[in-house]
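Colleague: Sequence and predicted structure below; questions after.
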Amino acid sequence: MKKVTLFAALLGMTSIAGTAQADKLDDIISSGTLRCAVVLDFPPMGMRDANNVPIGFDVDYCNDLAAALGVEAEIVETPFPERIPALMSGRVDVGVASTSDTLERAKTVGFSIPYFAFEMAVTASSGTGITSYEGMKGHTVGAVAGTYEAIALEAQVKEWGEGEFRPYQTQADVFLALSQGQLDATVSTSTVAQANVQSGNYKDITVVGFAPFDTDYVALFAKRDEYGFLNYLDLFVNQQVRTGRYDELYEKWVGGEVPKLMVPNAYR
């Protein structure tokens, strides 16, 4: 009787262990759909075309990931502040949303190796006299709340001890405020800055130089305990680079010299 009871207990433990080993990767493949959080007011990474269809580097990257998994991609428009909440609430499976891989965020989500790298540019409203990063001192500046550049810029304003920092919900809000004179300058990725200036949608704004912030490496993200899925994401990013697909997407959406994804003097 004791042997039977012991066997039953062991069988139950094996069943529980098998359930615990289930991974998000299997769930996505079984469901036939990959739900990607993508920011769609962040050209050229994410935006909408004249027919309101999502396009951009991150959109194509999500589509490539879904194709590799053999499933359909579902683009879930997700503003910057909602990226991680969307994942944690189960609305999306993965973030393909130009998300900086900070140590603070890594306490909540798991990151892949970097799939894109941004340099930071200063865009100023004409007539402010701002011609450089240091020229922003004492002025009213702003950026999208929760982004790498917003955190760095707000800290800089506090260090300067003068001027004002204003957070905004979207890049469109930032550049509209800039063109209307509500802001004197902003710091954004160079890709976003050039795209907005060249769009012609915002009058009297100019890219005046680069901000001395570290290169912003961004990564795909999933729940931190989804080890199998996170391992797959690492390999996918690696495959995008070594097959030349990363270069193709960069040329299509950005152009120019392709940034290196390896951090100098570091493992990744």
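Modeller: Good, I have the coordinates.
Colleague: can you tell me the average pLDDT over whatever helix or strand V59 lives in?
Modeller: Element membership for V59, per DSSP states H and E: helix 57-69. Averaging the model's pLDDT scores along helix 57-69 yields 98.
Colleague: Number of residues surrounding Q180?
Modeller: 12 (other C-beta atoms under 10 Å). (Each C-beta comes from the backbone N, C-alpha and C, glycine too.)
Colleague: any idea how far it is from D173?
Modeller: Distance, Q180 to D173, by C-beta to C-beta, to the nearest Å: 11 Å.
Colleague: For this protein, just list every one of the strands.
Modeller: 33-38, 47-48, 54-55, 72-77, 94-100, 109-118, 120-125, 140-144, 164-168, 185-189, 205-210, 216-223 (DSSP state E).
Colleague: got CSV for those strands, with mean neighbour count and distance to V197 too?
Modeller: Shown next, in CSV, are these (neighbours: other C-beta atoms under 10 Å; distance: least, C-beta to C-beta, whole Å):
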stretch, mean neighbour count, distance to V197
strand 33-38, 24, 23
strand 47-48, 19, 15
strand 54-55, 18, 19
strand 72-77, 18, 24
strand 94-100, 28, 19
strand 109-118, 22, 16
strand 120-125, 24, 7
strand 140-144, 24, 16
strand 164-168, 17, 17
strand 185-189, 27, 11
strand 205-210, 17, 6
strand 216-223, 24, 19
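Colleague: got those strands as JSON lines, with distance to A86 columns?
Modeller: Putting the strands of the chain into JSON lines (distance: least, C-beta to C-beta, whole Å) gives the following:
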{"stretch": "strand 33-38", "distance to A86": "5"}
{"stretch": "strand 47-48", "distance to A86": "18"}
{"stretch": "strand 54-55", "distance to A86": "15"}
{"stretch": "strand 72-77", "distance to A86": "7"}
{"stretch": "strand 94-100", "distance to A86": "8"}
{"stretch": "strand 109-118", "distance to A86": "11"}
{"stretch": "strand 120-125", "distance to A86": "25"}
{"stretch": "strand 140-144", "distance to A86": "16"}
{"stretch": "strand 164-168", "distance to A86": "19"}
{"stretch": "strand 185-189", "distance to A86": "21"}
{"stretch": "strand 205-210", "distance to A86": "30"}
{"stretch": "strand 216-223", "distance to A86": "11"}
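Colleague: Figure out which of these is closest to Y133.
Modeller: Closest of the strands of the chain to Y133 is strand 120-125, at 5.2 Å (criterion: C-beta to C-beta).
Colleague: Give the pairing partners of that closest one; include direction for each.
Modeller: strand 185-189 (antiparallel), strand 205-210 (antiparallel) (DSSP bridges).
Colleague: Only alpha carbons, please: show the helix holding V59 as CSV.
Modeller: This file holds the C-alpha atoms of helix 57-69, laid out as CSV (Å, rounded to 0.1, in the frame of the first residue of the first chain):
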residue,chain,number,x,y,z
PHE,A,57,11.2,48.8,-39.0
ASP,A,58,9.5,47.3,-35.8
VAL,A,59,6.4,46.3,-37.8
ASP,A,60,8.6,44.4,-40.3
TYR,A,61,10.6,42.9,-37.4
CYS,A,62,7.5,41.6,-35.8
ASN,A,63,6.3,40.1,-39.1
ASP,A,64,9.7,38.4,-39.6
LEU,A,65,9.6,36.9,-36.1
ALA,A,66,6.0,35.6,-36.7
ALA,A,67,7.1,34.1,-40.0
ALA,A,68,10.0,32.4,-38.3
LEU,A,69,7.6,30.9,-35.7
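Colleague: buried ones in that helix?
Modeller: Within helix 57-69, the residues scored as buried using 16 or more other C-beta atoms under 10 Å are F57, D58, V59, D60, Y61, C62, N63, D64, L65, A66, L69.
Colleague: gap between the last one and S98?
Modeller: Put plainly, it is L69. 21 Å.
Colleague: Over to the first one?
Modeller: Taking C-beta to C-beta as the measure, F57 falls 8 Å from S98.
Colleague: repeat for the third one
Modeller: V59 sits at a distance of 12 Å from S98 (criterion: C-beta to C-beta).
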